[in-house]
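A.B. asks: Any chance you could fold what I've pasted below:
(chains A and B, ligands or ions: 2)
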Amino acid sequence: MSAASPEGDLAIHTHRLTKAFGQRKVVHGLDLAVPYGSVFGFLGPNGSGKTTTIRMLLGLAAPTSGSITVLGRPMPSAALEVLPGVGALVEGPAFYPFLSGRANLMRLDAANRRADPATRARRVDRALDTVGLGRAARLAVHAYSLGMKQRLGIANALAVRHQLLVLDEPTNGLDPQGTREVRSLIASLAGQGTTVFVSSHLLGEIEQMCTHAAVMSAGNRVAQGTLAELRSGGAGRVRVNTPDGPAARAVLAGLGLAPEDGAGAGTLAEGGDDAVVRAPLAAGAPEPERIVAALVDAGVRVRGFAVERPSLEERFVELTGEGFDVAQ
Amino acid sequence: MLPNSGAPHRAGSRGGLLASELALVFRRRRTWAMLLALGAVPVLIALAVRLTSGPPAGRGPAFLDRVAGNGLFVALVGMLVSIPLFLPLTVAVVAGDTIAGEAGNGTLRYLLLAPASRARLLLIKYAAAAAFCVAATAMVALCGVGIGLLLFPAGPVALLSGDTIPLGESFLRLGLVTAYAAVSLLGLAAVGLFVSTLTDVPVGAMAATAVLSVAAQIMGQLPQLDWLHPWLFTEHWMGFADLLRQPVLWDSFGENAALQAGYVLLFGGLAWARFATKDILS
Ligand SMILES: Nc1ncnc2c1ncn2[C@@H]1O[C@H](COP(=O)(O)OP(=O)(O)OP(=O)(O)O)[C@@H](O)[C@H]1O
Ligand SMILES: [Mg+2]
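C.D. replies: Ligands and ions are numbered 1, 2, ... in the order given. Take a look at the predicted model:
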């Protein structure tokens, strides 16, 4: 995990942030460090406290204990100075159904005293075009589909240029084109220097667009760092393709590795009559080249060898547990 | 006057949040439905009097027997009939919706993130509710005058004190009565604002506010609660007769205004105390 950076480099910094609803702690001693300029993925299963954390970051809910700094100012006390620099989508979009998409954005822009009324119409129209709602702008929101509302919510976060975007599951309900658009939008904003804090439980998405991530599980932060750091935090595995499955397993075991058994392990698989043997690379395991050498020395016909890094998804499941039930 | 029912409404593009809020309230179909219902009260009264021979003097609401002789009394009777229930009901809907409606809709969080400060939002919400109080009472008065002049003769008005005032001045007096009724509702609007900060369910806040206005009137009828009466926001609701004397007696207007101001301060303060630190979880 990355070493604690000096406060000045962090767009968001929390220290021992805790939120309890009654007796139940739903966020527990959370330390977050979101560097300026990063695209920061905030991962966690349903109910792990992502939205609750975001509400606290934005001053909507007060922390039970702990401190929050956003854009260098304390939250929630400096909310009125901080929030003009922050565009946000929290727990899905919300609009007045009887107003048009455009009128909704105009109203929210009017609520922002720092937004220039003279440029309001132009900024709103541009934001609507950016998310592909230019032609549906004058339709009442009750006639919008789920994805259209989501796009409108993103447009609202874009009507003013912000230093920081906080997006709670921005691609929820979007079609593949919409998802791609949002990804490229985030990439282009990040390219212009906007810091993006994005929560999701879609790992592929985070993997494709984030530079950093933190993983939540039942209110606790279980990992934080750059994506590379997160992946390497998990144990890698060696994979051996060989027709001599049992012999390979014996060699690996002799080196102190623990070959997996289970579906496909050590049995006939992908490559015709080759077996695939996998073994996790625990800390202190021999280097891969020594493993290959040992296999070859033992007469194992090595037809394929690889060191597999876990995907973020495997790492995520490893960190947050396999269970499907929502943690309480 | 009715908003175009097909096209979505447009909020003002240049104004601030107050302009946007007023547009939101007054371009809503629900608001216009309530205003039309209020306008229908004097119209029904006028039609009932016109189509029948009129009640014998002394029966029905005060002044009803004068309607046939002078159309201006339609507005007065309409106001008198609307004050106990119809007007407070509509004000309860608007005031109960202020914060809870935004919360239920989810838009409250986006207003606060815009950012609108919580104090400013509360003030603007109350201002819009107060504007509705004025609009609602004005609607009763204007529709009353309109239908009254259409169906009945108009002329100098005989006052409670026995004096007669010319038609022009009687419009002024009607304006005073309307202002009195609007001021009467300001306390209730503040109560509604406070209730609205307690819940994310707008219908609950509306119902609670309406119930409170009825409960206060019932308590005002119970002699056992004499000591409480001066503190009820409904206490002076029917007390505008002093405005129909020559010269005008301003005492009840002043007492009512002071009482309502007290309610506005108290419940405005309570609403602020609740809203300033509330976790927005909707
Ligand atoms: N208003 C509330 N009162 C009590 N508990 C709440 C409230 N809101 C959320 N919680 C609890 O807090 C926990 C975290 O909820 P939160 O919405 O932050 O999860 P999340 O990580 O955003 O989940 P998801 O991926 O489903 O959006 C949940 O266990 C939930 O039950
Ligand atoms: Mg959530």
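
A.B. asks: where's B:Ala208 relative to A:Gly87, distance?
C.D. replies: Using C-beta to C-beta, to the nearest Å, we find B:Ala208 at a distance of 36 Å from A:Gly87. Where C-beta positions appear, they are placed from N, C-alpha and C, glycine not excepted.

A.B. asks: So for those two, which residue has more residues nearby?
C.D. replies: Remark: of B:Ala208 and A:Gly87, A:Gly87 carries more neighbours, 25 against 19, as counted by other C-beta atoms under 10 Å in any protein chain shown.

A.B. asks: which residues touch that one?
C.D. replies: Each residue near A:Gly87 by C-beta atoms under 8 Å, 6 or more residues apart in numbering or on different chains is listed here: A:Asn156, A:Ala157, A:Leu158, A:Ala159, A:Val160, A:His162, A:Leu164, A:Leu165, A:Val166.

A.B. asks: Recalculate using a threshold of 10 Å.
C.D. replies: A:127, A:154-167, A:189, A:194, A:196, B:113 (C-beta atoms under 10 Å, 6 or more residues apart in numbering or on different chains).

A.B. asks: go on, B:Phe194?
C.D. replies: With C-beta under 10 Å, 6+ apart, B:Phe194 has these contacts: B:95, B:98-99, B:122, B:205, B:209, B:263, B:266-275.

A.B. asks: and what of A:Arg114?
C.D. replies: Per C-beta under 10 Å, 6+ apart, neighbours of A:Arg114: A:Leu80, A:Glu81, A:Leu83, A:Pro84, A:Gly85, A:Val160, B:Ala114, B:Pro115.

A.B. asks: Quick one: those residues as TSV, columns for secondary structure, neighbour count and distance to A:Val26 too.
C.D. replies: Below are the contacts of A:Arg114 laid out as TSV (DSSP: H, G, I helix; E, B strand; the rest coil; neighbours: other C-beta atoms under 10 Å in any protein chain shown; distance: C-beta to C-beta, whole Å):
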residue	secondary structure	neighbour count	distance to A:Val26
A:Leu80	helix	18	26
A:Glu81	helix	15	28
A:Leu83	helix	26	23
A:Pro84	helix	19	28
A:Gly85	helix	18	27
A:Val160	coil	21	31
B:Ala114	coil	25	26
B:Pro115	coil	24	24
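
A.B. asks: need the helices for the stretch 1-150 of chain A, in chain order.
C.D. replies: With DSSP state H, counting those that start in this stretch, the ranges of helices along the stretch 1-150 of chain A come out as A:50-57, A:79-82, A:101-111, A:120-130, A:146-158.

A.B. asks: Packing partners of the shortest one?
C.D. replies: If contacts are counted by 3 or more C-beta pairs under 10 Å, 6 or more residues apart in numbering or on different chains; DSSP states H and E, helix A:79-82 sits against strand A:65-70, strand A:73-75, helix B:107-113, helix B:118-151.

A.B. asks: Out of these, which gets nearest to B:Trp32?
C.D. replies: In terms of C-beta to C-beta, the element of the helices and strands packed on helix A:79-82 nearest to B:Trp32 is helix B:118-151, at 10.0 Å.

A.B. asks: In ChimeraX, how would I select just the buried ones from the contacts of B:Phe194?
C.D. replies: If you want just the buried ones from these in ChimeraX, going by 16 or more other C-beta atoms under 10 Å in any protein chain shown, the selection is:
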select /B:95,98,99,122,205,209,263,267,268,270,271,272,274,275
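
A.B. asks: of the contacts of B:Phe194, list those near chain A.
C.D. replies: Contacts with chain A within the contacts of B:Phe194, counted by C-beta under 10 Å from any C-beta of the partner chain: none were found.

A.B. asks: Narrow the contacts of B:Phe194 to those in helices?
C.D. replies: B:95, B:98-99, B:122, B:205, B:209, B:263, B:266-275 (DSSP state H).

A.B. asks: The contacts of B:Phe194 also near ligand 1: which ones?
C.D. replies: When C-beta under 6 Å from any ligand atom is applied, no member of those is adjacent to ligand 1.

A.B. asks: quick one: contacts of the host helix or strand of A:Ala293?
C.D. replies: According to DSSP states H and E, A:Ala293 maps onto helix A:288-297. Applying C-beta under 10 Å, 6+ apart, the contact partners of helix A:288-297 are A:236, A:238, A:240, A:242, A:244, A:247-248, A:251-252, A:254-255, A:257, A:277, A:279, A:281, A:285-287, A:300-302, A:305-307.

A.B. asks: mind running it again at 7 Å?
C.D. replies: A:Val238, A:Val240, A:Ala248, A:Val251, A:Leu255, A:Val302, A:Phe305, A:Val307 (C-beta atoms under 7 Å, 6 or more residues apart in numbering or on different chains).

A.B. asks: And stretch B:223-235, by the same measure?
C.D. replies: By C-beta under 7 Å, 6+ apart, stretch B:223-235 touches B:Gly187, B:Leu188, B:Ser213, B:Ala216, B:Gln217, B:Met219, B:Gly220, B:Leu259, B:Gln260, B:Tyr263.

A.B. asks: Could you export those as CSV, including pLDDT and secondary structure?
C.D. replies: Formatted as CSV, the contacts of stretch B:223-235 follow (pLDDT from 0 to 100; DSSP: H, G, I helix; E, B strand; the rest coil):
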residue, pLDDT, secondary structure
B:Gly187, 96, helix
B:Leu188, 97, helix
B:Ser213, 95, helix
B:Ala216, 95, helix
B:Gln217, 94, helix
B:Met219, 94, helix
B:Gly220, 93, helix
B:Leu259, 95, helix
B:Gln260, 95, helix
B:Tyr263, 96, helix
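
A.B. asks: Among the residues you listed, the buried ones, what's the PyMOL command?
C.D. replies: Filtering the contacts of stretch B:223-235 down to the buried ones (16+ other C-beta under 10 Å) takes a single PyMOL command:
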select buried, chain B and resi 187+188+213+216+217+219+220+259+260+263
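
A.B. asks: Looking at the contacts of stretch B:223-235, which is nearest chain A?
C.D. replies: B:Leu188 (24.9 Å; C-beta to the nearest C-beta).
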